[in-house]
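Colleague: sequence and computational prediction follow.
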2 protein chains.
Amino acid sequence: MNQSIDKHAVVLLSGGLDSATVLAIASDCGYRCHALSVDYGQRHCSELQAAENVARSMSANLKTVKLDLRTFGGSALTDDIEVPEVEGEGIPVTYVPARNTIMLSLALAWAEVLGACDIFIGVNAVDYSGYPDCRPEFINAYEEMANLATKAGVTGRRLVIHTPLIDLSKADIIRQGTELGVDYAMTVSCYQADAEGRACGACDSCRIRAAGFAEADVSDPTRYKS
Amino acid sequence: MNQSIDKHAVVLLSGGLDSATVLAIASDCGYRCHALSVDYGQRHCSELQAAENVARSMSANLKTVKLDLRTFGGSALTDDIEVPEVEGEGIPVTYVPARNTIMLSLALAWAEVLGACDIFIGVNAVDYSGYPDCRPEFINAYEEMANLATKAGVTGRRLVIHTPLIDLSKADIIRQGTELGVDYAMTVSCYQADAEGRACGACDSCRIRAAGFAEADVSDPTRYKS
């Protein structure tokens, strides 16, 4: 561990498996972590409780911002559209329009106030290839834009968007987080988890998660509804 | 006027002079306008009422999104920092970290849900050159990013960020809006307007606005506190 109190980072934390791993990675790299969680009216609001537990367990400073994306609608995660058990071709109905762009923009605002030049996000190009805002070319373009949007852009400092999971399989993510001591029992991945964070076991996100634990040969601590 | 019901646009509407003019321009170009106003905890919350009045007067569909940027702080517009009467060198204290990035991201989410490819924002590179997120290079980078962030990016449609005021002086903006019938009495520009929308007459924004009306030789309908 390379601890320095001068390196601050904003880490987007949903309370899911991926972002918990990202927080552990950023901490392990020596960043003082400011975790940002967004209450956007998601169906799976037990995620927010999970984010709180995960942040506390890693001694990160947590802010939860309320921004009701149901105002716009357009996703099975915020609307009254059924979450499918098997995704079809193209962009999944669980895609939330412009979600990562919005989340990164909130992280950018906080980073600017903190004077932090590092933002971490747990996007992954392997398991979620149907989401346009998880692609490396999106992240690169975002970083470019962010450096023109903020004081950093006029003072010569460089903002960096870190995506340590982008090329990892779910199993690799779980292996890396397990090595770093992440307690995955605290995390919620299910798109329709109940209030206690128990998973459905049937949605796309549940199936990818379960397969990841199996492939990583790590015991799966997920709590299921039945 | 080039009316077509199939051209939808999202227009960021603050309730100020610039964005009211932008809404008039977008309407005049034949767009069916969806105006987006953000309640971000600004000191000058009479702006929100102004946005409502302006949208109604131009028959635009209005959504107001609540997103409390005071959570992050860092600006005289949201914090308990005094708004200066004369701005110094560099980035003004009235700059709100990442504000335009956040606003555009919310507009992007709505545009995606509406299937709209056009977003209008009233940034201006002349009068506000101290704000990094008003520069043309920022807007270009944002547009690039937005096309990778969304469904548009994978379906081959092109999202465009329109900035019809970017090269105009305040006087030019007022002239153009006046020709299009904008009622500037409805708009609020003051950073510290009272609850009825009456302006202080002393802040940077008030002075630029008053000088604009004078230069345009248009009678100034601004209501002042005293």
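Modeller: Now that the structure is in, tell me what you want to look at.

Colleague: can you name the next helix or strand after the lowest-mean-pLDDT helix or strand in chain A?
Modeller: Least confident helix or strand of chain A, by mean pLDDT, DSSP states H and E, is helix A:151-155 with a mean of 66. Once the chain leaves helix A:151-155, the next helix or strand it forms, by DSSP states H and E, is strand A:160-162.

Colleague: which positions in that following strand come out as buried?
Modeller: By neighbour count on 16 or more other Cβ atoms under 10 Å in any protein chain shown, the buried set for strand A:160-162 is A:161-162. Where you see a C-beta, it was placed from the backbone N, CA and C, and this is true even at glycine.

Colleague: helices or strands next to that strand in the packing?
Modeller: If you count contacts as 3 or more Cβ pairs under 8 Å, 6 or more residues apart in numbering or on different chains; DSSP states H and E, strand A:160-162 packs onto strand A:118-120, helix A:136-149.

Colleague: is there proximity between the last one and chain B?
Modeller: Yes. If you take Cβ under 8 Å from any Cβ of the partner chain as the test, helix A:136-149 does meet chain B, through A:137-138, A:141-142, A:144-146, A:148-149.

Colleague: out of these, who's the most crowded?
Modeller: residue A:149 (33 neighbours; other Cβ atoms under 10 Å in any protein chain shown).

Colleague: tell me the pLDDT at it?
Modeller: In this model, residue A:149 is scored at 91, pLDDT.

Colleague: from the residues of helix A:136-149 next to chain B, pick the one nearest residue B:58.
Modeller: Nearest to residue B:58 among the residues of helix A:136-149 next to chain B, counting by Cβ to Cβ, is residue A:149 at 28.6 Å.

Colleague: show me what contacts that closest one?
Modeller: A:108, B:98, B:100-101, B:132-133, B:138, B:141-142 (Cβ atoms under 8 Å, 6 or more residues apart in numbering or on different chains).

Colleague: cool, and residue A:213?
Modeller: For residue A:213, counting by Cβ under 8 Å, 6+ apart, the contacting residues are A:171, A:174, A:219-220, A:222.

Colleague: let's see if you can find the most crowded of those.
Modeller: residue A:174 (25 neighbours).

Colleague: do you know how far that residue is from chain B?
Modeller: Using Cβ to the nearest Cβ, to the nearest Å, one obtains 27 Å as the distance from residue A:174 to chain B.

Colleague: and that residue, what element?
Modeller: Assigned by DSSP H and E, residue A:174 falls within helix A:170-179.

Colleague: contacts for that helix next, please.
Modeller: A:17-18, A:20-21, A:24-25, A:124, A:126-127, A:165, A:168, A:184, A:208-209, A:211-213, A:215-216, A:218.

Colleague: just the buried residues of those residues.
Modeller: Members of the contacts of helix A:170-179 classed as buried by 16+ other Cβ under 10 Å are A:17-18, A:20-21, A:24-25, A:124, A:127, A:165, A:168, A:184, A:208-209, A:212-213, A:216.

Colleague: so is the longest strand seen in chain A next to chain B?
Modeller: Counting by DSSP state E, the longest strand found in chain A is strand A:32-39. No. Counting by Cβ under 8 Å from any Cβ, chain B has no neighbours in strand A:32-39; the shortest distance is 9.4 Å.

Colleague: most centrally placed residue in chain A?
Modeller: residue A:19 (3.8 Å; Cα atoms, centre = their mean).

Colleague: can you give me the neighbour number for the residue nearest to that one when sequence neighbours are not counted?
Modeller: In space, not counting the residues next to it along the chain, residue A:19 is nearest to residue A:122; the distance is 4.2 Å by Cβ to Cβ, 6 or more residues apart in numbering or on different chains. Residue A:122 is flanked by 25 other residues according to other Cβ under 10 Å.

Colleague: repeat for residue A:56
Modeller: Residue A:56 has 12 neighbours, counted by other Cβ under 10 Å.

Colleague: quick one, phi/psi of it?
Modeller: As for residue A:56, its main-chain torsions (degrees, to the nearest 10) stand at phi -60, psi -40.

Colleague: which one of the contacts of residue A:149 sits closest to residue A:45?
Modeller: After measuring those against residue A:45 - Cβ to Cβ - the closest member comes out as residue A:108, at 24.4 Å.

Colleague: tell me which element that closest one is part of?
Modeller: Assessed by DSSP H and E, residue A:108 sits inside helix A:99-114.

Colleague: surely residue A:193 is in contact with residue A:48?
Modeller: No. Judged on Cβ atoms under 8 Å, residue A:193 makes no contact with residue A:48 at a distance of 11.0 Å.

Colleague: which one of those two has more residues nearby?
Modeller: Shown here are residue A:193 and residue A:48; by other Cβ under 10 Å, residue A:193 has more neighbours (27 against 20).

Colleague: make TSV from the helices and strands packed on strand A:160-162 and add distance to residue B:201 to it.
Modeller: Converted to TSV, these look like this (distance: least, Cβ to Cβ, whole Å):
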stretch	distance to residue B:201
strand A:118-120	40
helix A:136-149	31
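
Colleague: of these, which is nearest residue B:35?
Modeller: helix A:136-149 (22.6 Å).

Colleague: quick check: angle from that closest one to helix A:99-114?
Modeller: 30 degrees (axes from the mean of the first three to the mean of the last three Cα atoms, to 10 degrees).

Colleague: could you check how far helix A:136-149 is from the centre of its chain?
Modeller: Offset of helix A:136-149 from its chain centre (Cα atoms, centre = their mean, to the nearest Å): 18 Å.

Colleague: check stretch A:14-28 too.
Modeller: Per Cα atoms, centre = their mean, the centroid offset for stretch A:14-28 relative to its chain is 7 Å.

Colleague: do I have it right that residue A:163 meets residue A:140?
Modeller: No. Using Cβ under 8 Å as the test, residue A:163 is too far from residue A:140 to be in contact (9.8 Å).

Colleague: what sits against residue A:13?
Modeller: Applying Cβ under 8 Å, 6+ apart, the residues near residue A:13 are A:19-20, A:22-23, A:35-37, A:51, A:54-55, A:60, A:62.

Colleague: so which of the residues you listed comes closest to chain B?
Modeller: Taking Cβ to the nearest Cβ as the measure, chain B lies nearest residue A:36 of the contacts of residue A:13, at 9.4 Å.

Colleague: quick one: the closest one and residue A:107 touch, right?
Modeller: Yes. Between residue A:36 and residue A:107 there is a contact under Cβ under 8 Å: 5.4 Å.

Colleague: and these two? which has more neighbours close in?
Modeller: More neighbours surround residue A:36 than the other of residue A:36 and residue A:107, with 31 against 27 (other Cβ under 10 Å).
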